[in-house]
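Enquirer: Structure, please.
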Amino acid sequence: MSIILRTIQRAHRLKPKFSSPCSVIRGSGFGNRSYVAEAVTKSPFESNVLRILRNEIEYQVDSAPPHQVPALGDDSSDVNVRLHISLLVDISKGKDGDGLAFVCSAWPDGVDVEKVFILKHGQMPTRPYLGPHFRSLKPKIQEKFCEYLDTRGINNELSVFLHQYITNKDRIELLRWMDRLKSFVEK
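Expert: Numbering: from 1, shown residues only. A predicted model of the protein is given here:
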């Protein structure tokens, strides 16, 4: 990234103060009339920036290893830290129907349901009752709710995916940003 910034700074210092993107073309068969045509080629500065961006994108895609999800207890304090992602899963029946909402925690190895409550379409009380803690429900009810979520893709695979995505989110966003920057310079 610093290579891009240095190249931009260097090219900006070397750039002529009164450069014009247009050139005058005098045609021999058209007398003394002059025609103005836009320069079709990229400036050396833009070509250099594009080359650097393409190289950096290629490196990030092919060579840079993805970040690994931290394992249990992988911090410097030797304390077992487990990170989770909070999820609110809304499942409704139809466009105007009521639905269920699940408050979940996506851990690196699976999904835990914390609460289940009913959503009334168009009605949201100021302090909704979120129901009992999920683990205080009978085991058979817990099992059925977990099956209900699993059939809708809210499962351990989703949890693993979310943790991998969040871990590499900065890298993914950097690649998108460099690609948009490259497209802008190419225009």
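Enquirer: Phi first, then psi, for residue 90.
Expert: Dihedral pair for residue 90: phi -100, psi 130, per degrees, to the nearest 10.
Enquirer: got the contact list for stretch 108-119?
Expert: 69, 72, 82-84, 87, 90, 92, 98-105, 128-134, 137, 142, 145-146, 149, 154-156, 158-160, 163 (Cβ atoms under 8 Å, 6 or more residues apart in numbering). C-beta coordinates here come from the backbone N, C-alpha and C atoms, glycine included.
Enquirer: what about the strands in this structure?
Expert: Per DSSP state E, the chain carries strands over the ranges 22-26, 34-38, 85-92, 99-107, 110-119.
Enquirer: out of those strands, nearest to residue 184?
Expert: strand 34-38 (17.9 Å; Cβ to Cβ).
Enquirer: which of the strands of the chain sits most buried?
Expert: Greatest average neighbour count among those goes to strand 99-107 (a mean of 19), per mean count of other Cβ atoms under 10 Å.
Enquirer: That one vs strand 110-119, what angle?
Expert: Strand 99-107 runs at 160 degrees relative to strand 110-119, counting by axes from the mean of the first three to the mean of the last three Cα atoms, to 10 degrees.
Enquirer: all numbers from here: first residue = 43
Expert: I'll keep to 43 as the first residue from here, and by that count the last item is strand 141-149.
Enquirer: Report the contact partners of residue 196.
Expert: 129, 131, 144, 146, 153.
Enquirer: The fourth one contacts residue 133, doesn't it?
Expert: Meaning residue 146. No. Using Cβ atoms under 8 Å, residue 146 makes no contact with residue 133, being 11.8 Å away.
Enquirer: rewinding a little: quick one: closest of the strands of the chain to residue 224.
Expert: It is, among the strands of the chain and with distance given as Cβ to Cβ, strand 76-80, at 21.2 Å.
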